[in-house]
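Visitor: Quick check, what structure comes out for this input:
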Amino acid sequence: MTTTEAHPSDPARPDDHGAARARLLADPGLGGAARRTALARLTDGWLAGLHRDAGAPAGTALVAVGGYGRGELSPRSDLDVLLLHDGPIDPRLPERIWYPVWDSGAALDHAVRTLDEARAVAADDLKAQLGLLDARHIAGDPALTASLRSTLLADWRAGAAGRLPELQQLCAERAERHGELSFLLEPDLKEARGGLRDVVALKAIAATWLADAPRDGLEAAAARLADVRDALHLTTGRATERLSLQDQDQVAARLGVLDADTLLRQVYEAARTITYASDVTWRAVDRVLAARSSRGRRLSRIAFPFTGTGRGAGAVAKGAVERRPLAEGVVEQDGEAGLAQGARPAQDPVLPLRAAAAAAQAGLTVAYATVRRLAAETKPLPVPWPDEAREQLITLLGAGEACLPVWEALEAEGLITRLLPDWERVRCRPQRNAVHRWTVDRHLIETAVRAAAMTRRVARPDLLLVAALLHDIGKGWPGDHSEAGEVIVRDVAARMGFDKTDTDTLALLVRHHLTLVDTATRRDPDDPATVDAITKVVGTLPHLELLHALTEADATATGPAAWSTWRASLVGNLVARAAARLAGGVGHPPAGDPTAEQERLAVEAARTGGPALSLHAHTEAGGTGSTGSTGTEPMGVELTLAIPDRPGLLGTVAGVLALHRLTVRSASLRELDPIDAGPVLLLSWTVAAEYGELPEAARLRADLRRALDGSLDVARKLAERDAAAPRRRGIATPPPVVSVAPGASSSATILEVRAHDAPGLLHRIGRALDAAGVRVRTAHVSTLGADAVDAFYVTDAEGLPLAAARAAQVARAVQEALG
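Guide: Numbering: from 1, shown residues only. From the prediction side, this is the model:
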């Protein structure tokens, strides 16, 4: 077989190709995708000439696969090439094509196969199959390449149910090896999670027709990573994918970026877009494959679940869909949180936070179509925030690990920076310190996750969680980030609606979040001045508890080098000494004088010997009115109940409220003796309807009276309802803590209960106290986000404080009742 001699200026000649390639790479006006495409076309022409000059017969085709097949050829990319043939060929033919490529110094990944052999390799090797999905014709018989493409694509779609779980596992293993691109100081642009390999996986999923990735920003994110990769290749002169610290300044300069930090932020933002698209897409794949398995039959082509924007977007099939309510306007569907059919995002600015909190507390994420709709339709929160918005944020943060995917979904659609404009400065900000594992923003949310596990250690879990979220908010501003953060957090706390006292506490925590560990590791613990310095900073024991928990959460979220047994012991010893100095100031403020309405109810109860109550709707505007009023939508219920003292009263009333699906936000209990006719218990409640609908006042009154006279068995009704409710997965929460506050009161024993809020919680506590034979003289009940922080002043039958052993026994009984 004869070959045609190449013309001296023929680009098939290695030296001519090399010169043309060098000119192309040096062209200052050519970059980005245009340069990658031009480089692929130049290489196509060269390889086509080699194929021709090698005397390739009919029935052969030269095919580009992998990244070269996609036309994405970076300066130092390998050339992935397949010589395809449909019959016998000269064994020396491949060498005549490959040797000039090797001689040029180009990296070549080559194969010689028939169509059947290519199918067999693809069936046996998932990575090879992924590369072949991108097959593109270079030279020879185009019909042969077209046959390869159509056959392999049909095989991929037919075997998708088995191949996709394998691909998912492959992606997970790669992420485990290379880490998350969004947080690495020296990221692998290709292999790390959120890198270019994940873009290839998303395209492969789309080729199955089972699911498609969210398109917004994905192409631009992939292009940005590819641009950085190109600049890295040109800077180093090597086929490296790792953006090393020593190369970042030069890569930034080549791309016209301000500095290395700005470059990393752009890389991180691109990686987050790809990571979020991957998460959404893999959840869609899981749903489709689960539906196939449960139905026991193959599904035909499934509609892409990410293109719709209406209320039903995201459904994979028509027909009845099971929806379970999670919160007002929020339901669970297909393993995700979505909007109820009656939800009105445009009229409900708190809905994004409510949906996020409900999803996280249920161990779910928010559906992609739902987040998109919330971002498009909801209006910004008023300033200061409504109380519910602040509570929902705290509930979201209190979900711990389950908060992370929900937070990422909100951030991907811009909802976090809409809620917290100061977040933009720390978003994707790198931390050039080997101790830190995360970017600034991810470190903040990771700190909140760890703080969620410590909420039983403090009296104000809400302040702990918000301080954890904002403690480094000053990074990125000139000067000491703790001092800058104190200024910022005062403004943020005021916008969130915290009062001055709570704002001051948050400012203290942010300003001094490094003080404990710095003092413990740098000062003499035996010097009285060391303890004095801490007590002067914190002022009170509750502040010390908060700062201790924040210190530990911050350090453990930083990385393993920031918190050791030695550091923990130093900080713990310092805190113990400071706590001993501050002890004695614990307690609850005395109740104020009863209002005129409370006195009226107490007198009525004393005269009639029965319950007297008032019930009002509490509106967001701050006013109250009867539950039958119209106008402003009620946001809660204020219930005041006066009744002659009797055993089991607290648990009974709490049970009735639970039956009516009212969650207790706060409550107080006190004794009055209005007409010297015996003590009357006055219970004041602030409750919220679980799904936004307030109970009818007449029905609530009737059920309270029936429960008090024994005709309504509250415990049995609650048990029946719980047994009938579908079991829903939830999140792991810290166990409840019941403790005795020693010496906090001279007239009663104080039991403190810190637990995850749940329907009927106060009912169970009240029943346990009643069963223990103690009297509840006063109670202070607060629900802060998803945490209940309660204090019960109890006495024995004679009205005296409990003995120490008896108090411990009662605390254990309540602990057992809470499980």
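Visitor: My guess is Ala568 contacts Glu552. True?
Guide: Yes: in terms of Cβ atoms under 8 Å, Ala568 counts as a neighbour of Glu552; the distance is 7.2 Å. In short, each C-beta sits where N, CA and C put it, glycine included.
Visitor: residues contacting Glu166?
Guide: By Cβ atoms under 8 Å, 6 or more residues apart in numbering, the residues touching Glu166 are Leu126.
Visitor: The same query, at a cut-off of 10 Å, please.
Guide: 126, 129, 159 (Cβ atoms under 10 Å, 6 or more residues apart in numbering).
Visitor: ok so, going back, Ala568 and Glu552: which is more packed in?
Guide: Set side by side, Ala568 and Glu552 show more neighbours around Glu552, with 24 against 16, by other Cβ atoms under 10 Å.
Visitor: The helix or strand that one falls within packs against which elements?
Guide: Under the criterion of DSSP states H and E, Glu552 resides in helix 541-558. Secondary-structure packing of helix 541-558 (3 or more Cβ pairs under 10 Å, 6 or more residues apart in numbering; DSSP states H and E): helix 440-452, helix 461-470, helix 500-511, helix 515-522, helix 528-538, helix 565-582.
Visitor: how about the ones you listed in TSV, adding mean pLDDT and distance to Leu420?
Guide: Below are those laid out as TSV (pLDDT from 0 to 100; distance: least, Cβ to Cβ, whole Å):
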stretch	mean pLDDT	distance to Leu420
helix 440-452	97	10
helix 461-470	98	8
helix 500-511	98	14
helix 515-522	91	25
helix 528-538	93	26
helix 565-582	91	29
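Visitor: and those helices, which is most packed in?
Guide: helix 461-470 (a mean of 28; mean count of other Cβ atoms under 10 Å).
Visitor: Put the alpha carbons of that helix into CSV.
Guide: Below are the C-alpha coordinates for helix 461-470, written out as CSV (Å, rounded to 0.1, in the frame of the first residue of the first chain):
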residue,chain,number,x,y,z
PRO,A,461,-29.5,28.5,72.7
ASP,A,462,-30.8,31.1,70.3
LEU,A,463,-28.0,33.5,71.1
LEU,A,464,-25.4,30.7,70.8
LEU,A,465,-26.6,29.7,67.4
VAL,A,466,-26.7,33.3,66.0
ALA,A,467,-23.3,34.1,67.5
ALA,A,468,-21.9,31.0,66.0
LEU,A,469,-23.2,32.0,62.6
LEU,A,470,-21.9,35.5,62.8
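Visitor: Just the closest of the contacts of Glu166 to Glu816, please.
Guide: Leu126 (52.6 Å; Cβ to Cβ).
Visitor: Tell me who's in contact with that closest one.
Guide: Leu126 neighbours (Cβ under 10 Å, 6+ apart): 163, 166-167, 169-170, 204.
Visitor: Report the set of residues contacting both of Ala568 and Glu552.
Guide: Val517.
Visitor: Spell out the residue ranges of the strands in the stretch 101-250 of the chain.
Guide: 108-113, 136-140 (DSSP state E, counting those that start in this stretch).
Visitor: What average pLDDT does the helix holding Glu552 get?
Guide: On average, the pLDDT along helix 541-558 is 96.
Visitor: Just want the angle from that helix to helix 515-522.
Guide: 80 degrees (axes from the mean of the first three to the mean of the last three Cα atoms, to 10 degrees).
Visitor: relative to helix 440-452, how tilted is helix 541-558?
Guide: Using the same axes, to 10 degrees: helix 541-558 against helix 440-452 is 130 degrees.
Visitor: Let's have the contacts of Glu166 in a markdown table, adding pLDDT.
Guide: Below are the contacts of Glu166 laid out as a markdown table (pLDDT from 0 to 100):
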| residue | pLDDT |
| --- | --- |
| Leu126 | 96 |
| Gln129 | 97 |
| Gly159 | 96 |
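Visitor: For those residues, give me a markdown table that also has distance to Asp472.
Guide: Below are the contacts of Glu166 laid out as a markdown table (distance: Cβ to Cβ, whole Å):
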| residue | distance to Asp472 |
| --- | --- |
| Leu126 | 42 |
| Gln129 | 45 |
| Gly159 | 48 |
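Visitor: Closest one to Pro380 out of those, please.
Guide: Using Cβ to Cβ, the contacts of Glu166 come closest to Pro380 at Leu126, 46.3 Å.
Visitor: end to end, how far does stretch 233-245 reach?
Guide: One end of stretch 233-245 sits 15 Å from the other (Cα to Cα, to the nearest Å).
Visitor: residue contacts, the closest residue to Arg767 other than its chain neighbours?
Guide: Computed as Cβ to Cβ, 6 or more residues apart in numbering, the closest residue to Arg767 that is not its neighbour in sequence is Gly651, at 4.2 Å. Residues near Gly651 by Cβ under 10 Å, 6+ apart: 707, 714-715, 760, 762-771, 776.
Visitor: which residue ranges form the helices in the stretch 551-700 of the chain?
Guide: 565-582, 596-608, 649-659, 697-709 (DSSP state H, counting those that start in this stretch).
Visitor: sorry, back to before: pull out the buried residues from the contacts of Gly651.
Guide: 707, 714, 760, 762-770, 776 (16 or more other Cβ atoms under 10 Å).
Visitor: Could you report the neighbour count for Glu191?
Guide: Glu191, neighbours per other Cβ under 10 Å, totals 18.
Visitor: Would you agree Val288 is in contact with Pro165?
Guide: No: counting by Cβ atoms under 10 Å, Pro165 is not a contact partner of Val288; they are 11.7 Å apart.
Visitor: neighbour count winner among these two?
Guide: Val288 (21 against 13).
Visitor: How far does the one helix or strand that one maps to sit from its chain's centre?
Guide: Val288 belongs to helix 260-295 when assigned by DSSP H and E. Offset of helix 260-295 from its chain centre (Cα atoms, centre = their mean, to the nearest Å): 13 Å.
Visitor: who does that helix touch, helix- and strand-wise?
Guide: helix 160-178, helix 196-207, helix 218-236, helix 245-255, strand 336-339, helix 368-377, helix 403-412, helix 440-452.
Visitor: Pro349: which of these is closest?
Guide: Closest among the helices and strands packed on helix 260-295, using Cβ to Cβ: helix 368-377, at 10.1 Å.
Visitor: Could I get the average pLDDT for that closest one?
Guide: 97.
Visitor: Report the inter-axis angle for that helix versus helix 260-295.
Guide: Using the same axes, to 10 degrees: helix 368-377 against helix 260-295 is 130 degrees.
Visitor: Helix 368-377 vs helix 403-412, what angle?
Guide: Going by the same axes, to 10 degrees, helix 368-377 makes 50 degrees with helix 403-412.
Visitor: helices or strands next to helix 368-377 in the packing?
Guide: Helix 368-377 sits against helix 260-295, strand 330-333, strand 336-339, helix 351-361, helix 403-412, helix 415-419, with contacts defined as 3+ Cβ pairs under 10 Å, 6+ apart.
Visitor: Format these as TSV; extra columns: distance to Ile643 and mean pLDDT.
Guide: TSV is the format used below for these (distance: least, Cβ to Cβ, whole Å; pLDDT from 0 to 100):
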stretch	distance to Ile643	mean pLDDT
helix 260-295	51	94
strand 330-333	36	95
strand 336-339	40	96
helix 351-361	34	97
helix 403-412	41	97
helix 415-419	43	97
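Visitor: quick one, which of these is packed in tightest?
Guide: Most buried of the helices and strands packed on helix 368-377 by mean neighbour count (mean count of other Cβ under 10 Å) is helix 351-361; its value is a mean of 27.
Visitor: Any idea how far that helix is from the middle of the chain?
Guide: With Cα atoms, centre = their mean, you get 11 Å for helix 351-361.
Visitor: want to throw the helices and strands packed on helix 541-558 into CSV with distance to Arg193?
Guide: Shown next, in CSV, are the helices and strands packed on helix 541-558 (distance: least, Cβ to Cβ, whole Å):
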stretch, distance to Arg193
helix 440-452, 13
helix 461-470, 24
helix 500-511, 31
helix 515-522, 31
helix 528-538, 40
helix 565-582, 30
